[in-house]
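Colleague: Build me a structure from this.
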Amino acid sequence: MLDFDAIQSAGTLLSSNWSAWLWLVPGLIIGLFFGAMPGISITMAMALFLPMTMYMDFLPAIIFLTSIYTAAGFGGSVPAVLMNIPGTSSAVATTFDGYPMARAGKHNEALGVALISSVIGTLTSYILLMFIIAPVSTVVLRLGPLELFLVAVWGLMLLGSLAGNSFSRGMLAGLFGVLLGTVGMNTAGHIRGTIGLPWLLDGVPVIPAMMGLLAASQLLGLINTTYLIEDEGSRKISFAKIIGGLRLALRYPKIIFRGATIGVLVGSIPGVGSSISNLLSYSETKRNAEDGDTFGKGNPKGVIAAEAANSSSEGGAMATMLALGIPGGGATAILLAAFATHNIVGGPSFIANNMDIVYAIIFSNFLQAILLLFVGIGFVYLASYVVRVPLRFLIPSVLVVATFGAYAVDGTMAGPMTLFVFSILGWAMVRYDYPVAATVVGLLLGGLLEQNLLRTYQISGGDLSYALERPIALVILAIMVTSLAATAVTKHRRKRRHKDTASITPTSSS
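Modeller: Predicted coordinates for the structure are as follows:
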């Protein structure tokens, strides 16, 4: 239930700290810029500016950092659409349809769709946060490794929807990704697949590997092409078409709301967050769509689903951080560090004693999302000029930026070496018609799958009845089975519809 006295106090707090609003636009610009830089994560962007907040009051400091957080979540979609570079795991699903739209000359519309989906997703997540912060925190406390394992399995089921023309090749590519995700030392101390390289002990560097598989491999395949978009007329930059993309997304409020709900719920799970929420939202939207066969070929619904979910996962992560003092990821860990520098500890006592501050943070994020719409339109307009750059200049420039981004991940040559190896691997997979996206999903989920399966086994002692004592796990399992059954029914109906159409067409033509 809402605390209306606290809401009134939050309004008074924000009006008396008018200087806090001055940090909104700078934070959004910083977030957009760093979010669009390949390899520069949201966490890195926030960490770079964390020292500045030591000299601010608490509320302006948090508003500034959350502005960076909000904008960087959308910023990652810009290279995902224009160059097939996800930058972060939360933008992976955006590449599936965003990049094909750009290649078809619909880059303006794709960026407009991504922007408004992110804005509405963020707004929805914080509206939901106002009502569910208490119950979500209660559920999160009850999540164990079994529940996280089932969430990872649910994500792994996406491999079927990413299989492309050949289901067997899609599953093979996905399982290869899972195998790559288990490279290194696991929680039991066993070392696998490092081939004697010490920098693989912590596993394959995910961000450089994703950039190599999804971006560099695609660029290598465009060497003999003059421009990213071959049709000269389609390379035009148009405010009208960007606005058209905004309107296009608004035609699908159900997809946006479903993506936002998935983002909030999955985003509140520590260690999972937007990495899986955007994939789950994409998969569910594809399953429910009548034109599901066109996903992966430039369907704007795929961009809407992905962006609504990855942006709304911010609200879920904030719920866990504020209510429990548990960071859902690197970005919320930085926010907790900002809390600590002002001698404030997040968690149940913070919620109980400072609900007015909680509402003030939520209200400031409403304004952040609204301002992101206007700042973002200008940003994507300028970013769209990438399609007008000849590929003989763009390819080496992007590869250099990607190399520096890969190096920035941990400051060693492991990143650039991973980028190079996975670029060749990605090019070979595209060349022989293996779905790269399935390998990326497997890579993201492999480690999470193994770690939580091992912890579940250690806790349960191998007793399968342990699952019956976990009601939340049973609910997740039931949702998974229902989703699988619905997917099977949908595919069967599509096949019957195609057969009926094929049988009717010759008769009508005669």
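
Colleague: Where does pLDDT dip in the stretch 51-200 of the chain?
Modeller: 87-89, 133-138, 140-141, 158-167 (pLDDT under 70).

Colleague: That one: helices as residue ranges?
Modeller: Under the criterion DSSP state H, counting those that start in this stretch, the stretch 51-200 of the chain contains helices at 58-75, 77-83, 92-103, 107-141, 145-156, 167-181.

Colleague: Out of the ones you listed, which one sits most buried?
Modeller: helix 77-83 (a mean of 29; mean count of other Cβ atoms under 10 Å). The C-beta positions use only the backbone N, C-alpha and C, and glycine is treated the same way.

Colleague: tell me what it is packed against?
Modeller: Helices and strands touching helix 77-83, by 3 or more Cβ pairs under 8 Å, 6 or more residues apart in numbering; DSSP states H and E, are helix 92-103, helix 107-141, helix 300-324, helix 355-383.

Colleague: which one of these lies closest to W21?
Modeller: W21 lies closest, by Cβ to Cβ, to one member of the helices and strands packed on helix 77-83: helix 355-383, at 7.5 Å.

Colleague: After the closest one, heading C-terminal, what element do we hit next?
Modeller: Helices and strands here follow DSSP states H and E; after helix 355-383, the next one along the chain is helix 391-410.

Colleague: Pull the distance from that next one to the chain's centre.
Modeller: For helix 391-410, the separation from the chain centroid amounts to 21 Å (computed by Cα atoms, centre = their mean, to the nearest Å).

Colleague: With distance to G27 added, can I get the helices of the stretch 51-200 of the chain in TSV?
Modeller: Output for the helices of the stretch 51-200 of the chain, formatted as TSV (distance: least, Cβ to Cβ, whole Å):
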stretch	distance to G27
helix 58-75	3
helix 77-83	17
helix 92-103	22
helix 107-141	14
helix 145-156	31
helix 167-181	33
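
Colleague: Which one, of those helices, ends up nearest to S16?
Modeller: helix 58-75 (9.7 Å).

Colleague: same for that closest one, what does it pack against?
Modeller: helix 24-35, helix 42-53, helix 107-141, helix 300-324, helix 330-341, helix 355-383.

Colleague: how many other residues sit next to S9?
Modeller: Using other Cβ atoms under 10 Å, S9 has 17 neighbouring residues.

Colleague: for P205, same thing?
Modeller: 24.

Colleague: nearest spatial neighbour of it, skipping sequence neighbours?
Modeller: Leaving aside its sequence neighbours, P205 sits nearest to T418 (Cβ to Cβ, 6 or more residues apart in numbering; 4.8 Å).

Colleague: can you tell me the helix or strand for that neighbour?
Modeller: helix 414-431.

Colleague: Any chance you could give me that helix in PDB, C-alpha atoms only?
Modeller: Extracted in PDB, the C-alpha atoms of helix 414-431 (Å, rounded to 0.1, in the frame of the first residue of the first chain):
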ATOM      1  CA  ALA A 414      42.600 -11.000 -22.500                       C
ATOM      2  CA  GLY A 415      39.800  -8.800 -23.800                       C
ATOM      3  CA  PRO A 416      41.400  -8.000 -27.200                       C
ATOM      4  CA  MET A 417      42.500 -11.600 -27.700                       C
ATOM      5  CA  THR A 418      39.000 -12.900 -26.900                       C
ATOM      6  CA  LEU A 419      37.500 -10.300 -29.300                       C
ATOM      7  CA  PHE A 420      39.900 -11.500 -32.100                       C
ATOM      8  CA  VAL A 421      39.200 -15.200 -31.500                       C
ATOM      9  CA  PHE A 422      35.400 -14.800 -31.300                       C
ATOM     10  CA  SER A 423      35.300 -12.600 -34.300                       C
ATOM     11  CA  ILE A 424      36.800 -15.400 -36.400                       C
ATOM     12  CA  LEU A 425      34.500 -17.900 -34.800                       C
ATOM     13  CA  GLY A 426      31.400 -15.700 -35.300                       C
ATOM     14  CA  TRP A 427      32.400 -15.200 -39.000                       C
ATOM     15  CA  ALA A 428      32.700 -18.900 -39.500                       C
ATOM     16  CA  MET A 429      29.300 -19.500 -37.800                       C
ATOM     17  CA  VAL A 430      27.600 -17.000 -40.100                       C
ATOM     18  CA  ARG A 431      29.400 -18.400 -43.100                       C
END
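
Colleague: Quick one: list the elements packing against that helix.
Modeller: helix 206-210, helix 217-220, helix 391-410, helix 436-460.
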